[in-house]
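Engineer: Sequence and predicted structure, then a few things I'm wondering about:
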Amino acid sequence: MEQVLLYFTEGIRSLGWQEAVMYAVGALLIWLAVAKNYEPMLLLPIGFGAILVNLPLNVVWEHAGTSGALKILFECGIMTELFPLLIFIGVGAMIDFRPLLQRPWMLIFGIIAHSGIFIAAFIAYKFFGFSIKEAASIGVIGAADGPTSIFVTSRFAPNLMGPITVVAYSYMSLVPIIMPPVIKILTTKKERQIHVEAKDSNVPKWLIIAFPVILTAIVGILVPVAAPLIGFLMFGNLIRECGVLEKLSKTAQNELSNIVTILLGITVGASMRAENFLQIQTVLIMFLGLIAFIGDTACGLLFAKLLNIFRPKSKKLNPMLGACGISAFPMASRVVQKIALEDDDQNFILMHAVSANVSGQIGSVIIGGIILSVVPLLAG
């Protein structure tokens with residue numbers, strides 16, 4: 001009888017304060033997803049995965065020397081980079097690159113507006129003792145692109161997968177809160193009221209189809225390590241735009257994205273084991289991730305203001321467009337349009353904002369590839 005009692009109370013006896021804290025963290029993520037609608041498709045499964053992996057004896061991760069279901073998903077889906085790449089197919093199938101093709105010069109904002117990545121990475125390495133690879137992984141939070149963050153972290157700092165992913169997706173959902181104060185501090189009302197004339201033109205069908213193929217070839221040749229990222233993203237877009245794969249396009253946008261998102265979320269949550277997550281590093285990553293997002297917004301905006309110095313008075317850019325170069329699509333462009341209308345109810349800059357925002361998706365992939373290429377050389 002005593003042995004039976006010990007068996008059924010083993011789980012209770014194995015509970016500690018660390019597990020209790022992780023249950024609270026998981027519950028908080030679920031609450032944010034349900035009550036506040038913050039990235040619910042990811043924060044809810046991440047939150048539940050965090051609870052599941054911290055249950056007594058952790059049998060969903062590993063049991064009697066055998067990998068459990070969550071460990072198998074983590075090793076096969078995250079560490080092989082499969083889940084992030086499959087997500088990119090769905091993302092590509094959802095993006096319309098026509099606004100960017102009408103204004104290809106906006107692509108520069110998709111590069112400049114990711115400077116916060118390098119600011120945060122430098123601070124993490126120089127002042128907080130993270131290794132170069134860990135610092136780079138933390139900086140990529142500023143890409144505002146969850147799959148890219150997971151892709152880079154799986155190669156450079158798998159031990160930080162849990163906090164980096166949670167922080168990345170949490171801040172993505174907080175873009176409407178983070179961006180406005182930064183924009184208003186760095187711009188005047190007069191600058192925010194600048195109108196930008198929208199001259200939409202028809203983009204040839206052949207160019208829309210050729211664009212993902214050409215871009216994949218160019219990026220794959222110049223930054224080979226970025227080929228998987230850009231390739232899967234552009235493959236999804238090609239499915240969307242070719243005009244003969246409507247069913248596959250809808251599948252990529254819906255069924256594929258939804259299934260992989262479920263598996264990705266609960267698997268990332270499974271990386272939030274108490275012994276790895278409850279570290280001072282987690283707090284530092286939250287701080288550095290915020291620096292990366294603020295840095296992105298500020299750098300893109302200040303670059304637009306710099307361009308205005310050299311542009312004639314009649315062709316000034318609304319500097320808020322520079323802030324749209326981050327990859328948080330379409331949230332960033334919507335936030336900027338909302339701010340523009342608050343200061344002038346006739347100021348419609350959405351199409352230019354979308355152009356810069358779409359370029360941010362491409363920019364995040366290119367920057368991610370550059371980091372994957374350069375950081376190993378710096379790390380020796």
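Structural biologist: Perfect, I can see it now.

Engineer: From here on, just use CA atoms for contacts and neighbour counts.
Structural biologist: Will do.

Engineer: Can you get me a residue count around the spatially closest residue to Phe109 that is not a sequence neighbour?
Structural biologist: Once flanking residues are discounted, Phe109 sits nearest to Gly325: 4.8 Å by Cα to Cα, 6 or more residues apart in numbering. Per other Cα atoms under 10 Å, the neighbour tally for Gly325 reads 38.

Engineer: who's in contact with Gly325?
Structural biologist: Listed by Cα atoms under 8 Å, 6 or more residues apart in numbering, the contact set of Gly325 reads 109-114, 297, 300, 356-360.

Engineer: Sort out which residues of whichever strand or helix holds Val358 are buried, please.
Structural biologist: Of the helices and strands defined by DSSP states H and E, Val358 is found in helix 350-379. Of the residues in helix 350-379, 350-372 count as buried by neighbour count, 16 or more other Cα atoms under 10 Å.

Engineer: Kindly report the same for stretch 71-79.
Structural biologist: So for stretch 71-79, counting by 16+ other Cα under 10 Å, buried means 71-74, 77-79.

Engineer: Give me the subset of the residues you listed that lies in helices.
Structural biologist: If you go by DSSP state H, the buried residues of stretch 71-79 have 71-73 in helices.

Engineer: Kindly reformat the residues you listed as TSV containing pLDDT and distance to Pro180.
Structural biologist: Formatted as TSV, those follow (pLDDT from 0 to 100; distance: Cα to Cα, whole Å):
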residue	pLDDT	distance to Pro180
Lys71	83	40
Ile72	85	41
Leu73	86	38
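
Engineer: can you pull the contacts of the spatially most central residue of the chain?
Structural biologist: Nearest to the mean C-alpha position of the chain, by Cα atoms, centre = their mean, lies Asp145 at 1.7 Å. Going by Cα under 8 Å, 6+ apart, Asp145 touches 168, 172, 327-328, 361, 364.

Engineer: cool, Trp31 as well?
Structural biologist: Leu44.

Engineer: Could you look up the next helix or strand downstream of the host helix or strand of it?
Structural biologist: Taking DSSP H and E as the definition, Trp31 sits inside helix 17-35. Using DSSP H and E, the helix or strand that follows helix 17-35 in sequence is helix 40-53.

Engineer: Identify the residues contacting that following helix?
Structural biologist: Taking Cα under 8 Å, 6+ apart as the rule, helix 40-53 contacts 22-23, 25-34, 60-61, 70, 166, 169-170, 261-262, 264-273.

Engineer: Buried residues of that helix, list them for me.
Structural biologist: Buried, per 16+ other Cα under 10 Å, within helix 40-53: 40, 42-53.

Engineer: Was I right to think Ile208 contacts Arg98?
Structural biologist: Yes. If you go by Cα atoms under 8 Å, Ile208 and Arg98 touch, sitting 7.2 Å apart.

Engineer: Specify which member of the buried residues of stretch 71-79 is nearest to Lys313.
Structural biologist: Set against Lys313, the nearest of the buried residues of stretch 71-79 by Cα to Cα is Ile78 (50.1 Å).

Engineer: hang on, the earlier thing: would you mind checking the contacts of helix 40-53 for buried ones?
Structural biologist: For the contacts of helix 40-53, buried by 16+ other Cα under 10 Å: 22-23, 25-27, 29-33, 60-61, 70, 166, 169-170, 261, 264-273.

Engineer: re earlier: for the residue nearest to the centre of the chain, report the pLDDT, please.
Structural biologist: Asp145 carries a pLDDT value of 81.

Engineer: Against Ser364, how distant is it?
Structural biologist: Using Cα to Cα, to the nearest Å, Asp145 is found at 7 Å from Ser364.

Engineer: Could you tell me which residues touch both of these two?
Structural biologist: In contact with both Asp145 and Ser364: Ser327, using Cα under 8 Å, 6+ apart.

Engineer: For Ile218, grab the count of nearby residues.
Structural biologist: Ile218 has 12 nearby residues by other Cα under 10 Å.

Engineer: Grab the nearest non-local neighbour of Val167.
Structural biologist: Met286 (6.0 Å).

Engineer: How about the contacts made by Leu290?
Structural biologist: So Leu290 contacts Tyr171 (Cα under 8 Å, 6+ apart).

Engineer: Which strand or helix spans it?
Structural biologist: Per DSSP H and E: helix 280-310 holds Leu290.
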